[in-house]
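okay, sequence plus prediction incoming.
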Amino acid sequence: MAGAIMHPLTPQNRMQLRWKDGRRTSDVAATFIKPNDRLTSFERLEIYNRQYWFRLLDCFYEDFPGLRAVIGERKFMKLAESYIERYPSQSFTLRNLGSRLETFLGEESRWTASHNHQLALDTVRFEWAQIEAFDGEARPILTKEDLEGKDPSRLRLKLQPYLQLLEFEYPVDDFLIAIKKRESSLRSEASNAMNAERKTTRRKKTPLPKPQKTFVAVHRMNHVIYFKNLEPEAYRILLALKKGVTLKAACAAAFSPNNADMGKKIERVQRWFQNWMSLGWFCK
């Protein structure tokens with residue numbers, strides 16, 4: 001039954017007429033599904049086969065608007081079908097459906113060959129990070145009192161499990177914001193479509209971003225996802241802390257070894273940590 005439901009549809013979005021071994025699907029369906037007074041065994045099975053694929057494709061479509069914008073809607077839907085066929089859902093929740101998309105794009109670069117492959121990878125990583133941050137584990141927040149009297153050379157700070165640290169070749173955070181604003185605008189226009197006086201105009205696509213090294217933290221507050229641009233040194237500190245390095249070693253590794261402008265460096269680090277503590281990024 002599961003194999004029949006998960007079997008890919010035809011290009012016309014109908015159930016395949018032939019089973020995997022070449023037999024007629026109608027003959028196979030009749031061995032484990034009874035017909036009724038309205039539908040044949042094949043027709044009853046086809047309902048579930050189509051429902052499975054439509055539901056998964058719909059979720060996949062909603063989860064990756066950035067990738068859709070990079071490669072185009074038509075190609076995206078073909079990619080989605082190919083991806084789900086290779087990596088079918090294996091979880092009770094569709095939240096995990098796109099967990100292997102980055103791997104898939106690495107294996108099947110043909111889907112992004114005519115576009116910018118690195119931009120597509122950056123976009124997928126960023127969109128998946130938002131899913132991870134939305135319902136990732138949250139642990140008790142570290143307070144200033146917890147840090148009193150601690151030796152920086154021995155102190156190891158833990159980051160919240162939901163916090164995602166990302167390095168990109170493109171400013172995909174601004175790109176996704178522009179896409180969501182455009183889609184929100186299109187939905188607003190669609191809601192006013194009944195206005196006969198309104199003239200319809202062809203909307204331009206969101207322009208693809210140009211290369212720009214970008215460091216981003218994806219986090220949540222009060223069940224809402226946010227992303228924050230990081231300076232390169234701030235990103236290196238957080239990444240080192242995530243790997244278990246001491247606070248002193250993490251700060252030392254983030255900057256060049258010269259002592260020029262040491263006062264300004266200390267001010268920057270203090271400002272960063274005050275901000276990170278207020279956001280609850282450190283946990284006990």
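Nice, thanks for sending it over.

can you pull the contacts of residue 281?
159-160, 163, 217, 219, 238 (Cβ atoms under 8 Å, 6 or more residues apart in numbering). For the C-beta atoms, the positions are set from N, CA and C on the backbone; glycine is no exception.

format the residues you listed as TSV; extra columns: secondary structure.
Listed next are the contacts of residue 281 as TSV, based on DSSP: H, G, I helix; E, B strand; the rest coil:
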residue	secondary structure
159	strand
160	coil
163	coil
217	strand
219	strand
238	helix
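
which one of the residues you listed is nearest to residue 269?
Among the contacts of residue 281, residue 238 lies closest to residue 269 (Cβ to Cβ), at 11.5 Å.

with adjacent residues omitted, what lies nearest to the closest one?
Leaving aside its chain neighbours, residue 238 sits nearest to residue 165 (5.6 Å; criterion: Cβ to Cβ, 6 or more residues apart in numbering).

just give me the closest of the contacts of residue 281 to residue 99.
Closest approach to residue 99 among the contacts of residue 281 (Cβ to Cβ): residue 163, at 18.1 Å.

that older thread, which among the contacts of residue 281 gets closest to residue 152?
residue 238 (15.7 Å).

tally of neighbours for the closest one?
Per other Cβ atoms under 10 Å, the neighbour tally for residue 238 reads 23.

show the contacting residues for it.
Taking Cβ under 8 Å, 6+ apart as the test, what residue 238 contacts is 159, 165, 217, 230, 276, 281.

which of those sit farthest apart?
Greatest spacing in those, by Cβ to Cβ: 159 and 230 (12.9 Å).

which stretches of the stretch 101-250 of the chain form helices?
101-107, 117-135, 144-147, 172-191, 232-242, 247-254 (DSSP state H, counting those that start in this stretch).

how far out from the middle of the chain is stretch 218-230?
14 Å (Cα atoms, centre = their mean, to the nearest Å).

just the endpoints, please. Distance across it?
Terminal residues of stretch 218-230 lie 10 Å apart, using Cα to Cα, to the nearest Å.

so what's the model's average confidence on that stretch?
Mean per-residue pLDDT for stretch 218-230: 95.
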